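**Student:** predicted model and sequence below, questions to follow.
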Amino acid sequence: MRGVETVIETRALTKKFGERAAVNGVDLTVGAGVAFGFLGPNGAGKTTMIRTLLGLTQPTSGEVALLGLPQPTKRAEALARVGAIVEEPRFHPHLTGRQNLKIVAAARDRAAEARIGESLERVGLAQRADDRVKTYSLGMRQRLGIARCLLADPALLILDEPMNGLDPAGILEMRRLIRAFVDEGRTVLLSSHLLDEVEKTCDQVAIVDEGRVIVQGAVGEIAARGEPTVLVEVDDVAAARRVLDGRDIEEEGSGGLRVKLGDGVTAAELNRLLVEAGLAVSRLEPARATLEETFLEITSRLEEHG
Amino acid sequence: MRLINAEVLKISKRRPLMIWCLLLTVGVIAVVEIVLTVLHGVNPDHHGPAGGASNFRGAAETLALLGTVVAILIGATAGSQDVANGVFRDLVVTGRSRKTLFLVRLPGAMLVLLPMLGVAFVVAVVWGLLFAGHDPTPSGSLIGHELVYVLVFTLVNLVMAVGFAAFVSSRIVIGVLIAWNTAIAHILIAFHTLGGARKFVDVAAAEHFIPGSSGDRVAMSTGAALLVLVVWAAAFTTAGRWWTQRRDA
């Protein structure tokens, strides 16, 4: 299993509930040693996709390979090196954190039990490990869920909306943990509807909507697919708006404008238009495209075509 | 074995369940024996000895009845708790087969039930032997027969409860199985018009193992009674295992 270059590979993966396809012919490739974001709005099919990958629900058709091993034929072998949190992490509330880990460790190999202590340390729960889980906050449960994943010494972690319910400090801590896992050579697939989080945490991303992967690739590359945008600061914003009438313009908080250039128009041409109109341009710079903009652009394009 | 220990841990750490189960087995038998001993001590003319064969039979059959309730409580918990607590999917993603995850619940539940039954039965035996007074003490054969009856009745219900709870994924089976054992099955057995069909009622088959013929309301051979109980246990186990393997986790 070591040295596998592709940790998740699906071909035409489909999961239907009646006539409705929650996962619709998905071809997904996730390379090793990256944080991969599975990004989409609520109801896009992210969780169903994860459940199908893990064999929690049977696919209607298509193929899945985890860690290079075809599923479901080599299921046990693959899942022995996979840790996953699906939906919110759940536990036996009457048991302590340590006892809950002991139960899952019993289902794994003998080495898993020896990892309980270090896993609890790693997520900062060693002090509360002997308290009942029903006394834990959602953030602590998320961390205990990560500790449970670590029992497998996973080559692949699959985390479904891991930032849900976390406070800002918790989100930061979770992001650090995920990046640390990647630095150790593990692969992390995380699903999220929080674009900002995926952008900050992940190296690669797949944008999903209505059960289909719309686009996948490096975060930077996908973000750059958005329409070129420039930030403009002029002495008379209202006049600039009149000059650029018909273009997609948003006002920036600082008194500047964010202008989408549109097809074939360059920043230099925009500058010329403003200067010829007698405006003093004090700033003109390309805006860094965010994943959010690209995502919204892609999904709104889909809506238009739908 | 580690998975079975994990099942024992999950059940035995449920404090309210364990308290009720201990009360219904060891607690009830101990209290009854103590009350009988006190009554005999206070007024031996009106109250016979607390022990002896007759009182032992009463205690053992009480244990069979209450032990069945306890078996249903423990079995239903074992069969449904992983799904009810949302932990089943976390066990499935370890790669362990669902069949194994289901089957380990049976010995796990038995390991919780049997010590309670054992202690309660020993209490009944000790009282039967030590406090017999002038009454005959329970024979080895009677003790053995009662033990078989208690084990057969409770273990069959435990297995049924595990399978049924896994099948319906709910502890509602507690009410259903208790109602079946205490009322519905007895009503069916009382319907003589059902004739030989009553042999297929598990309670009728279990009654065959009550020492003596008093409880055997539907005549059948030991082999037939055993077969009926095995079929009931197997049917519920198969249903629970089938659904555990098939369900979305």
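**Tutor:** Now that the structure is in, tell me what you want to look at.

**Student:** buried residues, the longest helix seen in chain B. List them.
**Tutor:** As far as residue count goes, and with DSSP state H defining each element, the longest helix of chain B is helix B:52-84. If you call a residue buried by 16 or more other C-beta atoms under 10 Å in any protein chain shown, then helix B:52-84 has these buried ones: B:52-53, B:55-57, B:59-64, B:66-84. C-beta coordinates here come from the backbone N, C-alpha and C atoms, glycine included.

**Student:** what parts of chain A come near chain B?
**Tutor:** By the criterion of C-beta under 8 Å from any C-beta of the partner chain, the positions of chain A lying close to chain B are A:51, A:54-57, A:75-80, A:82, A:84, A:86, A:89-95, A:99-100, A:102-108, A:110, A:113, A:148, A:152.

**Student:** drop anything exposed from these.
**Tutor:** Buried by 16+ other C-beta under 10 Å: A:51, A:54-57, A:75, A:78-80, A:82, A:84, A:86, A:89-92, A:94-95, A:99-100, A:102-108, A:113, A:148, A:152, out of these.

**Student:** what ranges do the strands span in the stretch 51-200 of chain A?
**Tutor:** Under the criterion DSSP state E, counting those that start in this stretch, the stretch 51-200 of chain A carries strands at the ranges A:61-66, A:69-71, A:82-85, A:156-160, A:187-192.

**Student:** I'd like those as a markdown table, with mean pLDDT and distance to A:Val215 appended.
**Tutor:** Compiled in a markdown table, those are given as follows (pLDDT from 0 to 100; distance: least, C-beta to C-beta, whole Å):
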| stretch | mean pLDDT | distance to A:Val215 |
| --- | --- | --- |
| strand A:61-66 | 95 | 19 |
| strand A:69-71 | 93 | 25 |
| strand A:82-85 | 95 | 24 |
| strand A:156-160 | 95 | 21 |
| strand A:187-192 | 94 | 16 |
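
**Student:** can you say which of those strands is nearest to B:Val119?
**Tutor:** Minimum separation from B:Val119 across these (C-beta to C-beta) falls at strand A:82-85, 41.2 Å.

**Student:** got any ranges where the chain has weak pLDDT?
**Tutor:** Here I'm looking at chain A. Chain A contains residues with pLDDT under 70 at A:1-3, A:226, A:253-255, A:263, A:288-293, A:297, A:299-306.

**Student:** let's do chain B instead
**Tutor:** For chain B, the stretches flagged by pLDDT under 70 are B:213-216.

**Student:** chain A contacts on that one?
**Tutor:** Taking C-beta under 8 Å from any C-beta as the measure of proximity, chain B contacts chain A at B:2-3, B:5-6, B:9-10, B:13-15, B:81, B:85-87, B:89-97, B:101, B:248-249.

**Student:** now these: which count as buried?
**Tutor:** B:2-3, B:5-6, B:9-10, B:14, B:81, B:85-87, B:89-96, B:101, B:249.

**Student:** how close does the closest residue to A:Val133 other than its chain neighbours get to A:Asp131?
**Tutor:** If you skip the residues right next to it in sequence, A:Val133 has A:Phe91 as its closest partner in space, 4.4 Å away by C-beta to C-beta, 6 or more residues apart in numbering or on different chains. Shown here: A:Phe91 relative to A:Asp131, a distance of 12 Å by C-beta to C-beta, to the nearest Å.

**Student:** what does B:Leu188 give?
**Tutor:** Between B:Leu188 and A:Asp131 the computed distance is 49 Å (C-beta to C-beta).

**Student:** what's the answer for B:Gly52, then?
**Tutor:** Applying C-beta to C-beta, one obtains 51 Å for the distance of B:Gly52 from A:Asp131.

**Student:** one step back: inside helices: which ones of the residues of chain A next to chain B?
**Tutor:** Using DSSP H, A:51, A:75-79, A:99-100, A:102-107, A:110, A:113, A:148 are the members of the residues of chain A next to chain B that sit in helices.

**Student:** what's the burial count for the spatially closest residue to A:Glu5 that is not a sequence neighbour?
**Tutor:** Once flanking residues are discounted, A:Glu5 sits nearest to A:Ala32: 5.6 Å by C-beta to C-beta, 6+ apart. Here the count is done by other C-beta atoms under 10 Å in any protein chain shown, and A:Ala32 has 18 residues near it.

**Student:** so what's A:Ala32 up against?
**Tutor:** A:4-7, A:155, A:185, A:187 (C-beta atoms under 8 Å, 6 or more residues apart in numbering or on different chains).

**Student:** now do 6 Å
**Tutor:** A:4-5, A:7, A:187 (C-beta atoms under 6 Å, 6 or more residues apart in numbering or on different chains).

**Student:** could you look up the SS state of the residue lying farthest from the centre of chain B?
**Tutor:** Relative to the centre of chain B, and counting by C-alpha atoms, centre = their mean, the farthest-placed residue is B:Asp45 at 35.9 Å. In three-state terms, and counting by DSSP: H, G, I helix; E, B strand; the rest coil, B:Asp45 is coil.

**Student:** phi, psi of it?
**Tutor:** When quoted as degrees, to the nearest 10, the phi and psi of B:Asp45 stand at phi -70, psi -40.

**Student:** now it: how far from B:Arg105?
**Tutor:** From B:Asp45 to B:Arg105 the distance is 52 Å (C-beta to C-beta).

**Student:** what's the answer for A:Glu9, then?
**Tutor:** Separation of A:Glu9 from B:Arg105 (C-beta to C-beta): 35 Å.

**Student:** so between these two, which is more surrounded?
**Tutor:** A side-by-side neighbour count of A:Glu9 and B:Arg105, using other C-beta under 10 Å, places B:Arg105 first with 30 against 18.

**Student:** so what's that one up against?
**Tutor:** By C-beta under 6 Å, 6+ apart, B:Arg105 lies in contact with B:7, B:78, B:162.

**Student:** and the second one, what is it in contact with?
**Tutor:** If I follow you right, that is B:Ala78. The neighbourhood of B:Ala78, defined by C-beta under 6 Å, 6+ apart, consists of B:11, B:105, B:108-109, B:162.

**Student:** for the last one, same thing?
**Tutor:** Taking C-beta under 6 Å, 6+ apart as the contact definition, B:Val162 lies against B:75, B:78-79, B:105-106, B:109.

**Student:** next, the residue nearest in space to the middle of chain B: secondary structure please.
**Tutor:** With distances taken as C-alpha atoms, centre = their mean, chain B has B:Thr154 as the residue nearest its mean C-alpha position (1.9 Å). B:Thr154 falls in the helix class when you classify it by three-state DSSP.

**Student:** separation between A:Gly170 and chain B?
**Tutor:** Counting by C-beta to the nearest C-beta, to the nearest Å, the gap between A:Gly170 and chain B amounts to 21 Å.

**Student:** helices of the chain, start to end?
**Tutor:** Using chain A here. Per DSSP H, chain A has helices spanning A:46-53, A:75-79, A:97-107, A:110-114, A:116-122, A:138-150, A:168-183, A:195-201, A:219-223, A:237-243, A:267-276, A:291-305. These are given in chain order.

**Student:** not quite, I wanted chain B
**Tutor:** Taking DSSP H as the test, the helices found in chain B are B:2-12, B:15-22, B:28-42, B:52-84, B:88-92, B:98-103, B:105-130, B:140-168, B:173-179, B:185-190, B:202-207, B:222-246.

**Student:** just to revisit the earlier point, among the helices of chain A, which is nearest B:Pro136?
**Tutor:** B:Pro136 sits nearest to helix A:97-107 of all the helices of chain A, at 49.1 Å, using C-beta to C-beta.

**Student:** how far off centre is the closest one?
**Tutor:** Relative to its chain's centre, helix A:97-107 lies at 28 Å (C-alpha atoms, centre = their mean, to the nearest Å).

**Student:** that helix - contacts with which helices or strands?
**Tutor:** helix A:138-150, helix B:2-12 (3 or more C-beta pairs under 6 Å, 6 or more residues apart in numbering or on different chains; DSSP states H and E).

**Student:** just the C-alphas of it, formatted as CSV.
**Tutor:** The C-alpha coordinates for helix A:97-107 follow below in CSV (Å, rounded to 0.1, in the frame of the first residue of the first chain):
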residue,chain,number,x,y,z
GLY,A,97,-13.6,9.1,25.5
ARG,A,98,-11.0,6.4,26.1
GLN,A,99,-13.5,3.6,26.3
ASN,A,100,-15.1,4.7,23.0
LEU,A,101,-11.7,4.6,21.4
LYS,A,102,-11.1,1.2,23.0
ILE,A,103,-14.3,-0.2,21.3
VAL,A,104,-13.2,1.0,17.9
ALA,A,105,-9.6,-0.2,18.5
ALA,A,106,-11.0,-3.7,19.2
ALA,A,107,-12.4,-3.7,15.7
